[in-house]
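# give me a 3D structure for the following:
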Amino acid sequence: MTAGASSHPAVTPVFVRLKLSLLRNGLRQSGGRRAAYIASAALVLLFALLQLVGLIALRGHAHADSLVVLLAAVLAVGWAVMPLFFPGGDETLDPTRLVMLPLRPRPLVRALLVSSLVGIGPLFTLCLFAGSVVALAHGPAAYAVGVVGVVLALLVCVALARAVAAANVRLLTSRKGRDLAVLSGLVIAVGAQVVNFGAQRLGSSGLAELDAPAEVVRWVPPASALGAVAAASEGSYGTALAQLALCAALLTLLLAVWTRHLTRLMTSPDGSTLPGAGTAARQRASTGLARLLPAGRTGTAMERTLRYVWRDPKTKAAWVTSLAIGLIVPVFNAWQGTGSVYFACFAAGMLGIQMYNQFGQDTSAFWMVAMTISSARQAYVELRARALALLLITLPYATLVTVVTAAMLGDWEKLPEALGLSYALLGAMLATGAWTSARFPYSIPQEGHKNAAPGQVGLAWISIFGGMVAAALLCAPVIALAIWRSVSAGGDGWGWVLLPAGTVWGAALTVVGLRFAAPQTARRLPEILTAVSKG
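Predicted coordinates for the structure are as follows:
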């Protein structure tokens, strides 16, 4: 190398080529991964083109600017939260992989920012911002502002994602980070309900509903960059410049925050590798709840089940999803005035599913439980303890959802029978869940988003859906009593009977189901261990 050669070659082209190499090598790993990537890319691009056409069609609409700025704000929120739930989607999100390289923060930030513009996500965002500019711009000045606004808005979205990822990189590579990744399904489910509710509101009242929130959001970057296009179209050039300046200021702030976190990551040691790390966590004693549980095997099994709910990522995700969806469905329908107090039974059904495949959450560690079971009586105590642990959460929560739904609808007269139906359904699902846990166990992979090991998907479907159908049939007497009370003129004063009847019926079903499942569990311990150890 000559003396005149640069000692600090540009790293940005290197990082762009690295990003392209990562994409290319990822597609070479398997034909299935390549097909999935191509299919998902095609769907995303098709959706982006449809959004582009739709936004262009809004050109000249009276409320187009309100829709556009809110869409930009939602898109920015998506860029901010996606690194938290999909940290493994882009290997370059973890800057600690580069800690051994002699790179300074500023060139590294510049290189990572440019390489982040390579991918389907930035292309999708660019299409939406470009369509927004076409929908809003009128005149050469507005288009000029639009070009600057699109660049600023896109850079803000990418920098926001990078800053969030850098600030939480220690979390994302830990067990709690894996918890967040598993909980992404909950975010999608809740977001789908919110989008559905918003679409129904817009369908009934039109885009005029968006004007009030848009007046505030148009001054919040990166939406302000598109608000500047609308302002320039109206001749308010001072307002447009102010909105662009806000977007540029946020970009500068994000780059500064990102640089600071990168510097700290590249120069400070990982706390988990220091001597004594985690000592305080290991010294924490059992919680007060553990001391309130029954003595003997029952209390031990209950505590173990509750610890799975709190600490195991897959179990926690299943519980949080069931709790959220069980509340969202009846409450959202009641909010829209189209619901019924009986929709609260959905919460009991969602929570009752947690009794299914009880041994699958133990994985290969089930051998320690199997070593303590030598009779049907011991199997019954184990299953009963797991059911009691679930009831500690499901019973008060199902009651709360039912009361909240009845309060929102003002239908207090049907509250007793709705509670009775919920309790009966919950008991039936605990009974069928215990039996299917013994007859159709399957393994739950600890990594990834799959909830059943390869080759066991059929077992999972049989266990869950077969058990749900059986639970509904077991509740037939209580359901028939509720129907008779609704259609019979002489049954108007008998709604209160369903509460004790449903409670007693649900408790009886639970006891009988556990009694039937216990001998099956004791006889099939080797088969259960083999089934749950495949993941």
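# now the lengthiest helix in the chain: how far from the chain's centre is it?
Longest helix in the chain, counting residues (DSSP state H): helix 376-409. Between the mean C-alpha location of helix 376-409 and the chain-wide mean there is a distance of 23 Å, by C-alpha atoms, centre = their mean, to the nearest Å.
# what packs against whichever helix or strand comes after it?
The helix or strand immediately downstream of helix 376-409 is helix 415-439, counting by DSSP states H and E. If contacts are counted by 3 or more C-beta pairs under 8 Å, 6 or more residues apart in numbering; DSSP states H and E, helix 415-439 sits against helix 345-352, helix 376-409, helix 467-474, helix 476-487, helix 498-523. C-beta here means a position set from N, CA and C on the backbone, and glycine is covered the same way.
# recalculate using a threshold of 10 Å.
helix 345-352, helix 376-409, helix 467-474, helix 476-487, helix 498-523, helix 525-532 (3 or more C-beta pairs under 10 Å, 6 or more residues apart in numbering; DSSP states H and E).
# right, and the helix or strand after the helix or strand containing residue 81?
Assigned by DSSP H and E, residue 81 belongs to helix 64-85. Using DSSP H and E, the next helix or strand after helix 64-85 towards the C-terminus is helix 105-115.
# could the helices and strands packed on helix 415-439 go into JSON lines alongside distance to residue 244, mean neighbour count and mean pLDDT?
Shown next, in JSON lines, are the helices and strands packed on helix 415-439 (distance: least, C-beta to C-beta, whole Å; neighbours: other C-beta atoms under 10 Å; pLDDT from 0 to 100):
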{"stretch": "helix 345-352", "distance to residue 244": "47", "mean neighbour count": "26", "mean pLDDT": "88"}
{"stretch": "helix 376-409", "distance to residue 244": "44", "mean neighbour count": "20", "mean pLDDT": "92"}
{"stretch": "helix 467-474", "distance to residue 244": "55", "mean neighbour count": "18", "mean pLDDT": "87"}
{"stretch": "helix 476-487", "distance to residue 244": "61", "mean neighbour count": "15", "mean pLDDT": "83"}
{"stretch": "helix 498-523", "distance to residue 244": "62", "mean neighbour count": "20", "mean pLDDT": "92"}
{"stretch": "helix 525-532", "distance to residue 244": "58", "mean neighbour count": "18", "mean pLDDT": "89"}
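# tell me which of those sits nearest to residue 113.
helix 345-352 (42.5 Å; C-beta to C-beta).
# now find how far off-centre that closest one is within its chain.
19 Å.
# equivalent analysis for stretch 390-410, please.
22 Å.
# cool, and stretch 144-157?
On C-alpha atoms, centre = their mean, the centre of stretch 144-157 falls 30 Å from that of its chain.
# in that stretch, what counts as buried?
145, 146, 148, 149, 150, 152, 153, 154, 155, 156, 157 (16 or more other C-beta atoms under 10 Å).
# picking that back up, helices or strands up against the longest helix of the chain?
helix 296-311, helix 313-335, helix 345-352, helix 366-370, helix 415-439, helix 498-523.
# and the angle from it to helix 415-439?
Put simply, helix 376-409 runs at 150 degrees to helix 415-439, going by axes from the mean of the first three to the mean of the last three C-alpha atoms, to 10 degrees.
# just want the angle from helix 376-409 to helix 345-352.
Using the same axes, to 10 degrees: helix 376-409 against helix 345-352 is 150 degrees.
# quick one: the helices and strands packed on helix 415-439 as TSV, columns for distance to residue 428 too.
Listed next are these as TSV, based on distance: least, C-beta to C-beta, whole Å:
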stretch	distance to residue 428
helix 345-352	8
helix 376-409	12
helix 467-474	4
helix 476-487	9
helix 498-523	5
helix 525-532	23
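# of these, which approaches residue 241 most closely?
Of all the helices and strands packed on helix 415-439, helix 376-409 sits nearest to residue 241, with 47.0 Å by C-beta to C-beta.
# tell me the secondary structure for the spatially closest residue to residue 378 that is not a sequence neighbour?
Nearest residue to residue 378, sequence neighbours excluded (C-beta to C-beta, 6 or more residues apart in numbering): residue 372, at 6.8 Å. For residue 372, the assignment made with DSSP: H, G, I helix; E, B strand; the rest coil gives coil.
# quick one, what contacts residue 372?
297, 300, 301, 378, 379, 381, 382 (C-beta atoms under 10 Å, 6 or more residues apart in numbering).
# out of those, what pair is the most spread apart?
300 and 379 (14.9 Å).
# count the neighbours of the nearest residue to residue 364 once chain neighbours are set aside for me.
Leaving aside its sequence neighbours, residue 364 sits nearest to residue 533 (C-beta to C-beta, 6+ apart; 4.1 Å). As a burial measure, residue 533 scores 16 neighbours (other C-beta atoms under 10 Å).
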